[in-house]
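**Q** here's my sequence, what's the structure:
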Amino acid sequence: MHPGPQNLITDIPGLRVGNAQDAALKSGCTVLLGDAPFVASVAVHGGAPGTRETDLLAPDKMAPGVDALVLSGGSAFGLASAQGVMDALHAMGRGFPVLSARVPLVPAAILFDLLNGGDKDWSENPYPALGRAALQQAARRFALGSHGAGTGAQTAMHKGGLGSASLILDDGTTVGALVAVNPIGSVTTPSGRHFWAAPFEFGTEFGGLGPDPAGFAPMPPSRKAQAMAMQGNTTIAIVGCDLALDKAQCHRLAVAAHDGLARAIVPSHTPMDGDLVFALGTGSRRLEDPAVQLAQAGHAASLCLARAIARAVWEATPAPGDPLPCLRDELAG
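**A** Just a heads-up that it's a prediction; the model follows:
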């Protein structure tokens, strides 16, 4: 297996991603849009999730597919990003047909970034407009790091961000991940100079820093916890592939992808994190051997997610008033 040509989730044909952010707000949202509705499900393994329309992704629910998925900052306020996306899709004529009506289906998940130094004293919720703007920007190429839902994200020790990665398997299946990284845990080892995800890196996609030669050691006190009293967490992600999966198979893909989250963040899935993974299948490739292909896709999704998490932190850039440093700046200093 090897990364796709862009090393982004949009290496999966038929997918586009758009970001929108507000520098003063220190927050934003990210929209994943399908050229056509796609099958999706979700797995929530964190203790403090914030979601919209995730119940309909269960295998026993009737909705056959969704039009878009949203990752947003803003805590519960950020769920309104999906409303902006939904309204814009409706204006485009997209949506699930119900007789003469059309209802766009837009599941969403949020992270808590209300204590990151940004101006949160708004008179009108800014997130519906951010959702619309992100949808308008949807394209095959998009920015990583301090963009979209990753704009104001933070990890235990460094600024977080938005990350993505892809893999093309030996049978031609394309798998990808998109993630907004904002955990209570650390993406770097105790030295602060290496990624937990280092064993899974291709080339120098997140700096080529290699594994920590010191091995495992106790983590130093979390800078984030000290600054925010253990508030303000969650890593939210989307993984996908071009296989024709049903919702039950998408759920298994999401469950498998959580392994990548646990490999890249220590600790993960805590009571203070709302760790969540959406999974989707665009359906352009047939399942010839479902058990084998789904197992391979799940493993690849976990690798993509671990790499995307490290890329998010590696690509983060500083902004005035940031409570935490960017990893690159700290290494350079």
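**Q** skip the chain neighbours and tell me the closest residue to Gln21.
**A** In this structure, Gln21 finds its nearest non-sequential neighbour in Gly28, 2.9 Å apart by CB to CB, 6 or more residues apart in numbering. Where you see a C-beta, it was placed from the backbone N, CA and C, and this is true even at glycine.
**Q** am I right that the one you found falls within a helix?
**A** No: checked against DSSP: H, G, I helix; E, B strand; the rest coil, Gly28 lies outside a helix; its state is strand.
**Q** how many residues are close by the residue nearest to Ala153 when sequence neighbours are not counted?
**A** Counting by CB to CB, 6+ apart, the nearest residue to Ala153 once its immediate chain neighbours are dropped is Gly160, at 3.2 Å. Neighbour count of Gly160, defined by other CB atoms under 10 Å: 33.
**Q** same check, this time on Ile12
**A** 27.
**Q** settle this for me: it is touching Asp242, isn't it.
**A** Yes: the criterion here is CB atoms under 8 Å, and Ile12 meets it with Asp242 at 5.2 Å.
**Q** give me the common contacts of the two.
**A** Common neighbours of Ile12 and Asp242, counting by CB atoms under 8 Å, 6 or more residues apart in numbering, are 174, 282.
**Q** mind checking the backbone torsions on Ser146?
**A** phi -90, psi 60 (degrees, to the nearest 10).
**Q** all helices of the stretch 151-300 of the chain, in order?
**A** Assigned by DSSP state H, counting those that start in this stretch, the stretch 151-300 of the chain shows helices spanning 223-228, 247-264, 290-314.
**Q** what about the strands in the stretch 1-150 of the chain?
**A** 15-22, 27-44, 51-52, 66-72, 96-98, 101-103, 108-110 (DSSP state E, counting those that start in this stretch).
**Q** ok, for Phe195, nearest residue in space, not its chain neighbours?
**A** With sequence-adjacent residues excluded and distances taken as CB to CB, 6+ apart, Phe195 is closest to Ala310, at 4.4 Å.
**Q** what's near enough to touch that neighbour?
**A** 163, 187, 195-198, 201, 205-206, 264.
**Q** please redo it, this time with the cut-off set to 10 Å
**A** Under the criterion of CB atoms under 10 Å, 6 or more residues apart in numbering, the neighbours of Ala310 are 163, 165, 179, 181, 187-188, 194-198, 200-201, 205-207, 209, 263-265, 327.
**Q** what does Val175 give?
**A** Applying CB under 10 Å, 6+ apart, we find Val175 in contact with 1, 4, 9, 11-12, 165-169, 239-243, 253, 257, 296-305.
**Q** just the buried ones from those residues?
**A** Neighbour-count burial (16 or more other CB atoms under 10 Å) is assigned, among those, to 1, 4, 9, 11-12, 165-169, 239-243, 253, 257, 296-305.
**Q** what is the mean pLDDT for stretch 78-94?
**A** For stretch 78-94, mean pLDDT rounds to 95.
**Q** how about low-confidence regions in this structure?
**A** Across the chain, the ranges flagged by pLDDT under 70 are 216-219, 224-232.
**Q** can you tell me which residue is spatially central in it?
**A** Nearest to the geometric centre of the chain sits Val179, at 1.9 Å (CA atoms, centre = their mean).
**Q** might you report the residue contacts of the closest residue to it other than its chain neighbours?
**A** Nearest in space to Val179, with sequence neighbours left out and distances taken as CB to CB, 6+ apart, is Ala237 at 3.9 Å. Counting by CB under 10 Å, 6+ apart, Ala237 touches 9, 71, 109, 163-164, 177-181, 254, 257-258, 260-261, 275-279, 301, 304-305, 308-309, 312.
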